[in-house]
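>>> just a sequence and a predicted model for now, questions to come.
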Amino acid sequence: MSSPPPLLSSDDENEKESIKCLICQSVCILPTEIMCFPCNKTSALGCMSLLRFCMHCALRYLQWEDHKKNRSIKCVYCDTVISLGPNTKLDQCLRKDYLLMRADTKKRTCPWCNEFTDYQMSLDHHMTDTCLKRRVLCSCGTLILFSEQSQHKKVCIMYTQCSECHETISVKEIRMHLLMCHEISHCFQCSVRIPNKDLGDHVARFCPNRITECPFCHEVMNHQKLFPHLDKHKEIYDGRIHTLRRMIRHYLRQKERIDEYYADQSLDP
């Protein structure tokens, strides 16, 4: 990627006037503003208003490699302390100063690979997109080396292994991968993986969450609720049978009394 020409001419005086990183005390590589401290006012001068850091220094200062952990960071000037955690977004904390990048008149070397040298606008593209030693923010919130990305995916909670081809796939994309590459769908009722050709039969006959109808009262329900529902019918019928048995015993006793009465009176029925 070709870099646009610098805004200013290159000379030693300009090098002396270049803004230096407060951490490494060198000319800022990808000058970056830290915005997440409350002492950094949006409508007035704050502690960080006139400060710029190298991008890699700012990431190290905010302990972004421990992004999944809760951590407390103190302002470099005042006593303000902020708490950063797994849900903190990088773009809420840092902002690149492209005007300073454009104004830098000297070519700079990538601090990660020490191989690429160009003006800062090109260096920004290199460090963001092409450097083999660049830092990549995983969707789980971990900052990792690009070269270690494949190793990280094997243990990352945001990735899973395809059961068919054993390829490591994003959790969000695994269903589409199975559908497009292996013709396997997920049942929309129970989420079980089913070959496309068997999906209709599964939904109609075998899915544990399929819709079914009670054969006695015709109530429609989830199939998993059918047997508890039938148990309620059985309890009702058991109760009615018990009542009928009591009634039968009562009527049998009444009949026996009538027979006894006939016997005592020596009556011929």
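Received it, and whenever you're ready, just let me know what you need. Numbering: from 1, shown residues only.
>>> from H56, how far off is W64?
Using CB to CB, to the nearest Å, W64 is found at 10 Å from H56. (C-beta placed from N, C-alpha, C; glycine too.)
>>> can you check R135 too?
To H56, R135 is 8 Å away according to CB to CB.
>>> which one of these two is surrounded by more residues?
H56 (21 against 17; other CB atoms under 10 Å).
>>> so what's R108 up against?
V27, I29, T117, D118, Y119, Q120, L123 (CB atoms under 8 Å, 6 or more residues apart in numbering).
>>> would you list the phi and psi of K133?
Backbone geometry at K133, expressed as degrees, to the nearest 10, gives phi -110, psi 20.
>>> that one contacts L145, correct?
Yes: in this structure, K133 is within contact of L145 by CB atoms under 8 Å, at 6.2 Å.
>>> gap between D264 and L252?
The spacing between D264 and L252, counted by CB to CB, is 19 Å.
>>> cool, L62 as well?
89 Å.
>>> the more surrounded of those two?
More neighbours surround L62 than the other of L62 and L252, with 22 against 10 (other CB under 10 Å).
>>> my guess is the more buried one contacts C93. True?
Yes: look at L62 against C93 with CB under 8 Å: they come within range, at 6.0 Å.
>>> and N222, how many neighbours?
14.
>>> can you start the count at 56 instead of 1 from here on
With the count now opening at 56, the last piece we talked about shows up as N277.
>>> show me what it is bridged to.
Beta-bridge partners of N277, counted by DSSP bridges, are I266.
>>> quick one, what contacts it?
Here N277 is in contact with N264, R265, I266, T267 (criterion: CB under 8 Å, 6+ apart).
>>> tabulate those (a markdown table), appending pLDDT and neighbour count.
Formatted as a markdown table, these follow (pLDDT from 0 to 100; neighbours: other CB atoms under 10 Å):
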| residue | pLDDT | neighbour count |
| --- | --- | --- |
| N264 | 85 | 16 |
| R265 | 86 | 17 |
| I266 | 85 | 12 |
| T267 | 87 | 15 |
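>>> those residues: which two are farthest apart?
Farthest-apart pair in these is N264 and T267; separation 10.0 Å (CB to CB).
>>> show me the common contact partners of these two, please.
Common neighbours of N264 and T267 (criterion: CB under 8 Å, 6+ apart): N277, H278.
>>> where do the domain boundaries of the chain fall?
Domains of the chain are assigned by automatic domain parsing as 69-160, 214-264, 269-314.
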